[in-house]
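Peer 1: Build me a structure from this.
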Amino acid sequence: MILVIDMNWKEDSLGFYEFVVPILTIAKKLDDFVVRHYLKITSQDLNRCSKIILSGTALKDNAFLSNPERFQWIKEIEKPILGICAGMEILSVVFGAALNESLEIGMTMIQTVKVNPLFFCDFKAYSLHNYCITPSDYFDILAKSAKNVQAIKHKNKKIYGLLFHPEVRNQEILINFINKV
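Peer 2: Residues are numbered from 1 along each chain as shown. Got it, this is the predicted structure:
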């Protein structure tokens with residue numbers, strides 16, 4: 001079962017329909033899933049799932065960044081995690097990476113720089129974010145754009161982060177995470 005974590009500022013916000021529902025549309029074809037808002041995650045949710053996906057949020061929705069202690073479980077869990085946009089940002093913060101302002105909206109050319117199970121070539125992706133990351137030593141860089149690091153993987157765990165939105169375009173990346181990681 002996949003645990004999809006809604007990273008939006010409140011449960012059932014408009015952002016839920018924009019950033020979570022597209023993930024669910026893909027996931028439901030491949031596995032059972034449950035959705036929890038990040039403020040309501042329980043240890044039972046974490047124990048029951050086999051994989052975790054952290055959603056993106058709207059540009060002005062950064063409430064999750066004021067609660068990084070709520071995500072400390074990420075350091076301990078031994079299950080595959082995929083963080084999308086806001087999800088990548090919180091993964092990075094938990095492991096000591098710096099966030100920097102970097103507005104990017106629209107189609108972005110992504111260059112794959114390291115072999116990985118999610119994607120294998122250069123491609124265009126949809127970007128919608130206010131921040132980019134400077135990865136900590138815990139992460140390898142998997143892909144870049146001309147402007148930012150676009151994909152990372154934890155060096156010792158199956159934890160991946162994507163700055164772009166594969167639920168909008170490049171849905172095969174989500175499928176690869178669910179089926180291959």
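Peer 1: Neighbours of residue 160, how many?
Peer 2: 26 (other Cβ atoms under 10 Å). Where you see a C-beta, it was placed from the backbone N, CA and C, and this is true even at glycine.
Peer 1: Verify the stated contact: it with residue 87.
Peer 2: No - between residue 160 and residue 87 there is no contact under Cβ atoms under 8 Å: 9.5 Å.
Peer 1: State the next helix or strand along the chain beyond whatever helix or strand residue 152 lives in.
Peer 2: Using DSSP states H and E, residue 152 maps to strand 149-154. Stepping forward along the backbone from strand 149-154, the first helix or strand reached (DSSP H and E) is strand 159-162.
Peer 1: what is the orientation angle of the helix or strand that that next one is followed by with strand 149-154?
Peer 2: Note on strand 159-162: by DSSP H and E, the next helix or strand toward the C-terminus is helix 171-180. With axes from the mean of the first three to the mean of the last three Cα atoms, to 10 degrees as the basis, helix 171-180 and strand 149-154 are set at 0 degrees to each other.
Peer 1: which parts of helix 171-180 are buried?
Peer 2: For helix 171-180, burial by neighbour count (16 or more other Cβ atoms under 10 Å) applies to 173-178.
Peer 1: quick check, nearest of these to residue 19?
Peer 2: Residue 19 has its nearest neighbour among the buried residues of helix 171-180 in residue 174, at 12.6 Å by Cβ to Cβ.
Peer 1: how about that closest one, what does it touch?
Peer 2: By Cβ atoms under 8 Å, 6 or more residues apart in numbering, residue 174 lies in contact with 23, 26-27, 53, 82, 166-167.
Peer 1: Could you check how far the residue nearest to residue 14 when sequence neighbours are not counted is from residue 92?
Peer 2: The shortest distance from residue 14 to any non-neighbouring residue, by Cβ to Cβ, 6 or more residues apart in numbering, is to residue 58 (7.7 Å). For residue 58, the distance to residue 92 equals 19 Å [Cβ to Cβ, to the nearest Å].
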